[in-house]
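Trainee: okay, here's the prediction I keep looking at, along with the sequence it came from:
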Amino acid sequence: MKVDPNAREADVAVTLQCGFYARIIGEVNLRGDPAADAVLLGRVHDAVLAGERCPVGPRTLISDSWRRSLAAHVDPDHDEPPVVYDHDTLEAIRSTHPLGEVLSLLRAILVSIADEAEHMMIVTDADGHILWREGKADVCLRADRVLLTEGTKWSESAIGTNAMGTALALGRPVQIHSAEHLVRTYHAWTCAAAPVADPDSGSVVGAIDVTGPQHTRHPATLALVTAAAQLAQGQLWARMTARDELLLRHNIAHLRGPGALLSASGRVIATESCGRLPPRVDITAPDRLVILPDGREATVEPLAAGFLLRMAGRQCTRTPTLSLAFLGATHPVAVLDGRTLPLSLRHAEILALLSLHRQGMSAEALAIALYGEAGNPVTARAEMHRLRAQLGDRVIRTRPYRLGGDVDADFLAVPRLLQAGRLAEALAAWRGPLLPRSDALGVREERDDLIVALRDAVLHRRDAAALWSFAQTETGADDIDVLETLATLLPPTDTRRSVVLARIRRGLA
């Protein structure tokens, strides 16, 4: 064994957990020959764990990791990694893990190289679970035999010193060769790994690892895997920035008065007249009440993909935005501030009626519009109470019942476009009758009025393109007047004319 010339002359006592003890001088000095180094490391491993005197010991990085692993009761002679996730669970975790977003990048950098060098690329989560493993088939087959495979856990506490687990434990890149692994089963392997941090929270989300048989160790492997991890972090940063821009674009109008726009993790994205803020705000505080470092109080209000910080005692109101796409909708939904909310047909009918009567409706008027003359105001009030619980009192106002905030509805857009003479845009916005399953009196009347207005505009314009577009809708497909007008406008050489004539014959049969 070669003694490091820089080692202290005095013996250094190294005490490991669980009774292992050795007296060593300095650290092992690897020679660059994978096979020879494996033999040397094997002797060091045996001597240290047997409590024998040895001239050199493992690297400080390794001895510290052995201590942690032994303290976690890892058995160097018998342990194997636990299988934690089955296939279905693994697929579910992969689908939401942030490193899944950069997997194609990692493949491009590492998998082709891994194939050439008899390595595997491995990607873990923050707890050391292997989520992805790709590489040369025969190497993967060998890895399967020792449970170096997807769904197993490779933290230090689970399977001792290894590049993935130790990189996660230390938060920095490491390379582990042969008998530097605590568990003897893995002395035939060499690996290098680097952690990847979430640019939003700063916490480690996983590790990138390159593993192969011990004879494939190369001095550049650690640099390669470190560069891959840095590129992955760069991609995560770019994606985070894009999400921030999208959140800002959708919600900047709500940032009125002293306050700030926060990411889903509480990171400050934009501020408005609220002075200095910390980079991150605690969004988990009870009752959403936040005490800032300078003593000021604020509240946080949830958005679709983040939060709005409002300074306590200062006006900072956010106007809710309600989007309703009810034309042709058999299963209606509402989009409130970017959040999609499924609606019952009755609640969709109420929202449609309140959108058409922005000045508000009494319980009596709403009951008639919903149920006809037999409508009961008590029933209408009960439905409004349930709808208000779903959408909040900023959206559903009372006395009279009305909508607060901004409303964007397709059934309101179509008549506006028709009034402005923009027939092509109105036809593009038309996806079918208003709430076609509804039998509510007020909805039926508005549905019929919309169809008549659109049909009259198309017939009056006598434009072949508009008539053909209307004839492709469910509403106009069998309208004889529309089809006959279109037939007179289309030249005999237009193939659409034969389609129109066939529909006319079927309609008149």
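Mentor: Everything's here; your move.

Trainee: going by C-alpha atoms from here, please, whenever you check contacts or count neighbours.
Mentor: Noted.

Trainee: now Ala465: how far from Thr216?
Mentor: Computed as C-alpha to C-alpha, to the nearest Å, the Ala465 to Thr216 distance reads 68 Å.

Trainee: actually Arg43, not the one I typed
Mentor: Arg43 is 20 Å from Thr216, by C-alpha to C-alpha.

Trainee: before we move on, what about Ile396?
Mentor: Look at Ile396 and Thr216: by C-alpha to C-alpha, they are 67 Å apart.

Trainee: out of these two, which sits in the more crowded spot?
Mentor: Neighbour tally, Ile396 and Thr216, criterion other C-alpha atoms under 10 Å: the higher count belongs to Ile396, 21 against 16.

Trainee: run through the bridge partners of that one.
Mentor: Beta bridges link Ile396 to Leu403 when assigned by DSSP bridges.

Trainee: name the SS class of Ile252, please.
Mentor: helix (DSSP: H, G, I helix; E, B strand; the rest coil).

Trainee: all strands for the stretch 101-250 of the chain, in order.
Mentor: Secondary structure of the stretch 101-250 of the chain (DSSP state E, counting those that start in this stretch): strands located at 120-125, 130-135, 174-177, 189-197, 204-213.

Trainee: among the ones you listed, which is the most enclosed?
Mentor: Mean neighbour count (mean count of other C-alpha atoms under 10 Å) peaks for strand 189-197 among the strands of the stretch 101-250 of the chain, with a mean of 28.

Trainee: name every strand pairing with that one and say which way it goes.
Mentor: Under the criterion DSSP bridges, strand 189-197 sits next to strand 174-177 (antiparallel), strand 204-213 (antiparallel) in its sheet.

Trainee: now that strand against strand 120-125, angle please.
Mentor: Counting by axes from the mean of the first three to the mean of the last three C-alpha atoms, to 10 degrees, strand 189-197 lies at 40 degrees to strand 120-125.

Trainee: and the contacts of strand 189-197?
Mentor: Contacts to strand 189-197, defined as C-alpha atoms under 8 Å, 6 or more residues apart in numbering, come from residues 162-164, 167-168, 171-178, 203-217, 221-222, 225-226, 229-230, 232-233.

Trainee: now swap in stretch 495-509 and tell me
Mentor: Stretch 495-509 is contacted from outside by 478, 480, 483-484, 486-487, 490-491, using C-alpha under 8 Å, 6+ apart.

Trainee: what comes up buried for it?
Mentor: 497, 500, 503-504 (16 or more other C-alpha atoms under 10 Å).

Trainee: got the CA positions of it in PDB?
Mentor: Output in PDB follows, covering the C-alpha atoms of stretch 495-509 (Å, rounded to 0.1, in the frame of the first residue of the first chain):
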ATOM      1  CA  THR A 495     -67.100  20.600 -55.200                       C
ATOM      2  CA  ARG A 496     -68.900  22.000 -52.200                       C
ATOM      3  CA  ARG A 497     -72.000  22.600 -54.300                       C
ATOM      4  CA  SER A 498     -72.600  18.800 -54.800                       C
ATOM      5  CA  VAL A 499     -72.400  18.300 -51.000                       C
ATOM      6  CA  VAL A 500     -74.900  21.100 -50.500                       C
ATOM      7  CA  LEU A 501     -77.300  19.800 -53.100                       C
ATOM      8  CA  ALA A 502     -77.200  16.300 -51.500                       C
ATOM      9  CA  ARG A 503     -78.100  17.800 -48.100                       C
ATOM     10  CA  ILE A 504     -81.000  19.700 -49.700                       C
ATOM     11  CA  ARG A 505     -82.300  16.500 -51.300                       C
ATOM     12  CA  ARG A 506     -82.100  14.600 -47.900                       C
ATOM     13  CA  GLY A 507     -83.800  17.500 -46.200                       C
ATOM     14  CA  LEU A 508     -86.700  17.600 -48.600                       C
ATOM     15  CA  ALA A 509     -87.100  13.800 -48.900                       C
END
